[in-house]
Structure formats: structure tokens, C-alpha cells
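1. 3D model of this:
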Amino acid sequence: MPLLMTHGWPGSVIEFNKVIGPLVDPVAHGGDARDAFHLVLPSLPGYGFSEKPASKGWNVSRIARAWVTLMGRLGYERYVAQGGDWGSAVTTELAIQRPSECLAIHLNLAIVHPTEEQRRDPTPAESEALKAMADLQRDGTGYLAIQATRPQTVGYGLVDSPAAQAAWIYDKYHAWIDHQNGPEDVLSLDDMLDNIMMYWLPATGASSARLYWECIATAFEQRIVEMPVGISVFPKELLRPSRRWADGIYKNVIHWNELDRGGHFAAFEQPELFVDELRTCFRSLR
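-> Down below sits the predicted model:
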């Protein structure tokens, strides 16, 4: 089964290094051959290997349309899609556009905002999720404000100084990875530096940040999704909706699981859990 996977910021295709082998060749990794995927792992425009956009308009809607064109040119007549962070926004947009070739999607960041009524009567787990959202809004969105309003300004520093680029990304590892004493508990320095180098070498500090400037105000608005969707909720993700919150937005949930470890960079942090989630989610569609 073809699987289109989309990364986010400050990630890259490097996030998927540890899951490529098990997804493509499950037998070699103790799995079942029937769970094999054909992977398509594009870099977002302005990121990694992709060309830097030279004009306005590369928002998530246009990227989703480009992915449909990409999959068509590769000859895939049916496929599934997956995403987290910006990849979640693009994949959700893909589901809303609903090309006939796309059978279902999987998200490790579900775009769900509870209603006022739901906020007034939260469960203990929902209370924790609401507190995490409030904490993020209070002291964790400085990067977002800068990249959404002045991406070019910060970009000069990010392409001029490797220390600035490394710190800009490492800060998010420290804040968004599920760890006890530091992100080094979960990822090696080489893991983190490999991803940082995908920004430093092609000088994408500004071009990647411009995605925020293009569409942050609308990209993560919740919208009704009718396409079959699987959702994996990792305990240190930025948004951790409950099932009752999600059911109002995602009308055809084919897989739901709340995991016991993992954060924002799910495939990078917990590759075995991530692979199992995708296998389980899409197994019924084969």
C-alpha cells in the first residue's frame, strides 16, 4: 500500500529515518509482509531538499494539491496519507479536498479545539490537556509569532550562524520531546544534528519559516473531516484531544489510540510505537 507521509517544523524527512525500514520491509523487522508500505516522503516547499518558493501562495491548500499531483505522477491510483505538525495540517487539507485516490489519513497531531461547553466539564485527562494548551499559549509560542510575522528577519541569523540555527531547533526538542532529563534521553546528538543540518546546509531558516507567515492563521483551524481517519495521541503532544472532543470533528474514526509515551516528534522519538500505529490503522483498508 502506498503511504504519503508529511513532516513538519522543525522537522524534516530525517524524522522518518527509523521507521522507513520497518514500514517498507516488515518481515526484516519481525513483522508481517502484508503490512508493507510503499513510502513517499516529500520535503515541504522551502524545507530540506525542496526548492524555496519564489512567490507567495504556498499555503497548506496548495501543498496538498501538489501532493495529489505528485502521487498521480508517480502512478499511484490509491494511497493513504499521514502527518504531524505542519504535516497534520497538510494531510487534513488533503482529506478535505478528498481526492478519489486517497483512501484514509492518519494523524499524530489531531486539530481539535474543545467547545466552551466541553471546557466547562473536563475529565481529569482533559484538564491536563487544557493546562498544557494554556502553558503553550503563555510561554511556548514566541517562535510562532516571529516566524508568522517576521520570518525573513530571523532568517538572516539562522542562515548566518550554525549556533543560532542549532539553538532555534534544539529549544523545540527540549520543549516538545517526551523526556525526563533532556532530549538526549530519547534522541542521540547525531539524530538531532542530522535534522538540524537539513536546515543549515540548504539554508532554509527563512524559507521554512515563511510557511507560518503564509497561513498560520488558518492552517490549524478545525474543520469537519469526513474521510476515514486514524488518530494516535501521544502523551506529550502539543494538542491532546479526548475522543469525545475529536468525535465532533472527525466523523469516520477508524483507529484511535492514546499511548503511554512519546511527544511531538512521534516517528523520531518512538519509532516502534509509531510503526505499530500505522500498521494497525491502515490494516483494514488493504
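2. could you list every residue that touches A89?
-> Shown in contact with A89 (CB atoms under 8 Å, 6 or more residues apart in numbering): 60, 83, 111, 219-220. Quick note: C-beta positions are derived from backbone N, CA and C, even for glycine.
3. can you list contacts of the helix or strand G230 falls within?
-> If you go by DSSP states H and E, G230 is part of strand 229-233. Contact with strand 229-233 is made by 95, 104-108, 110, 240-241, 246, 250, 252-259, 266, 274, 277-278, 280-282, as judged by CB under 8 Å, 6+ apart.
4. In strands only, show me those.
-> 104-107, 253-258 (DSSP state E).
5. Give the closest residue to the residue nearest the centre of the chain in space, chain neighbours not counted.
-> The chain has G84 as the residue nearest its centroid, 1.5 Å off, counting by CA atoms, centre = their mean. With CB to CB, 6 or more residues apart in numbering as the criterion, G84 has its nearest non-adjacent residue at 4.2 Å, and that residue is N108.
6. Now for the one you found, how many residues are close by?
-> 29 (other CB atoms under 10 Å).
7. Look up how far F49 lies from it.
-> 22 Å (CB to CB, to the nearest Å).
8. Verify the stated contact: the residue nearest to G84 with F234.
-> Yes: taking CB atoms under 8 Å as the definition, N108 is a contact partner of F234 at 6.3 Å.
9. So for these two, which residues contact both of them?
-> With CB under 8 Å, 6+ apart, N108 and F234 have common neighbours A266.
10. quick one on the thing from earlier: next, work out how far apart the residue nearest to the centre of the chain and D178 are.
-> Counting by CB to CB - G84 and D178 are separated by 14 Å.
11. on that earlier part again, check what pLDDT the residue nearest to the centre of the chain gets.
-> According to the prediction, G84 has pLDDT 97.
12. tell me the contacts of it?
-> Contacts of G84 (CB under 8 Å, 6+ apart): 7-8, 11, 107-109, 264-267.
13. which residues touch stretch 125-133?
-> 114, 118-119, 122, 238-242, 245.
14. just stretch 274-282 next, same as before
-> By CB under 8 Å, 6+ apart, stretch 274-282 touches 1, 3, 19, 22-23, 26, 31, 35, 37, 80, 82, 104, 106, 108, 230, 232, 254-255, 257, 259, 262, 266-267.
15. now the strands for the protein?
-> Using DSSP E, strands in the chain cover 2-6, 38-40, 79-83, 102-107, 229-233, 253-258.
16. The ones you listed: which one's closest to L193?
-> strand 2-6 (21.9 Å; CB to CB).
17. what angle do the closest one and strand 102-107 make?
-> 40 degrees (axes from the mean of the first three to the mean of the last three CA atoms, to 10 degrees).
18. for the record, mean pLDDT for strand 2-6?
-> 98.
19. Check stretch 242-254 too.
-> pLDDT averaged over stretch 242-254 gives 96.
20. what about that stretch, how long is it end to end?
-> 15 Å (CA to CA, to the nearest Å).
21. Would you mind listing the buried residues in that stretch?
-> By 16 or more other CB atoms under 10 Å, the buried positions in stretch 242-254 come out as 242, 245-246, 249-250, 253-254.
22. Dump these to a markdown table, plus distance to I146.
-> Listed next are those as a markdown table, based on distance: CB to CB, whole Å:
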| residue | distance to I146 |
| --- | --- |
| S242 | 31 |
| W245 | 29 |
| A246 | 30 |
| I249 | 29 |
| Y250 | 31 |
| V253 | 35 |
| I254 | 38 |
